[in-house]
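A.B. asks: Sequence first, predicted model second:
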Amino acid sequence: MSTPFYVSPEQLMKDRADFARKGIARGRSLAAVQYADGVLLVTENPSKALHKVSELYDRLAFAAVGRYNEFENLRIAGVRLADMRGYAYDRRDVTGRGLANAYAQTLGTIFSSGGEKPYEVEIFVAEVGKTAADDQIYRLTYEGRVADEHGYAVMGGDADTVASYLKEHYTDGASLDAALAVAVSALGHSSDERGEAQDRVIPVEDLEVAVLDRTRSQPRKFRRILPGKLTELLGERGPAEAAPEAHVSETPTNGGTEEPPVAPPLA
């Protein structure tokens with residue numbers, strides 16, 4: 001019987017972390033942005049059947065990047081936990097902090113367990129409060145760490161490039177259309193193979209957008225924004241917005257002579 005190779009705990013954890021990070025980076029970025037009336041969640045998702053942003057409870061939203069089957073299991077478990085806690089105690093006892101801690105325990109246990117691979121997911125748990133100061137965005141990593149984000153947060157894909165764009169253009173207390181325009185522009189701002197920044201216009205049909213709107217009269221604050229409403233909020237968009245303006249030379253290029261324009265023929 002051969003002796004198994006020895007791997008130090010530090011190297012084992014590093015290998016598991018690298019495995020999870022690579023899986024998460026293969027997906028598309030997801031941005032959470034606070035605006036005047038709540039929390040905005042935006043991602044690029046061409047699929048109409050598989051949602052990356054969903055409702056957890058009355059004032060709570062769930063967003064994730066990575067492997068769909070893994071974060072869908074986490075979403076279902078969070079919905080069940082929220083329903084049971086709200087039924088056993090009170091609906092006000094279901095908070096984003098409580099669900100974030102539950103997710104952290106689950107992800108931390110899976111990551112440190114040697115019997116199965118770590119989850120290739122990152123999660124946002126967003127909660128809208130009565131005022132903008134009460135809004136919360138919790139970011140949970142594959143290893144179970146919890147971070148309390150303020151203003152905006154990005155995960156998945158080229159998160160560093162998207163976050164740097166939001167850092168330059170984010171405005172506290174912006175309206176929904178202004179926050180949406182900045183978030184969509186940030187998701188379209190990426191780096192090419194040479195590391196140079198490039199901008200692209202994401203089609204409205206490929207966007208998945210939802211908000212936690214505190215101005216809604218009903219207890220459930222989660223609302224999806226459909227493509228028709230997105231077109232109205234974003235306004236006219238096209239490649240010309242992202243491309244630099246064409247430079248018109250003042251010097252004629254036809255040998256120094258400039259011909260007068262030809263009038264169109266009469267109909």
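C.D. replies: Everything's here; your move.

A.B. asks: how about the strands in the stretch 1-150 of the chain?
C.D. replies: Here the stretch 1-150 of the chain has its strands, by DSSP state E, counting those that start in this stretch, at 30-35, 38-44, 53-57, 60-66, 121-127, 136-140, 146-149.

A.B. asks: Reformat these as TSV; add mean pLDDT, mean neighbour count and distance to residue 83.
C.D. replies: C-beta coordinates here come from the backbone N, C-alpha and C atoms, glycine included. Formatted as TSV, the strands of the stretch 1-150 of the chain follow (pLDDT from 0 to 100; neighbours: other C-beta atoms under 10 Å; distance: least, C-beta to C-beta, whole Å):
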stretch	mean pLDDT	mean neighbour count	distance to residue 83
strand 30-35	96	26	23
strand 38-44	96	25	21
strand 53-57	96	21	8
strand 60-66	96	27	12
strand 121-127	96	27	16
strand 136-140	96	22	19
strand 146-149	94	14	22
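
A.B. asks: closest to residue 198 out of these?
C.D. replies: Closest of the strands of the stretch 1-150 of the chain to residue 198 is strand 38-44, at 15.0 Å (criterion: C-beta to C-beta).

A.B. asks: Keeping just the C-alphas, turn the closest one into CSV.
C.D. replies: Presented in CSV, the C-alpha positions along strand 38-44 are these (Å, rounded to 0.1, in the frame of the first residue of the first chain):
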residue,chain,number,x,y,z
GLY,A,38,-33.2,51.8,-2.3
VAL,A,39,-30.7,49.3,-3.7
LEU,A,40,-30.1,48.5,-7.4
LEU,A,41,-28.8,45.2,-8.6
VAL,A,42,-27.5,44.9,-12.2
THR,A,43,-25.8,42.2,-14.1
GLU,A,44,-25.4,41.0,-17.7
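
A.B. asks: what sits up against that strand?
C.D. replies: Strand 38-44 is contacted by residues 28-34, 52-53, 61, 63, 65, 124, 126-128, 135, 137, 176, 179-180, 183-184, 187, 202, 206-215, 221 when judged by C-beta atoms under 8 Å, 6 or more residues apart in numbering.
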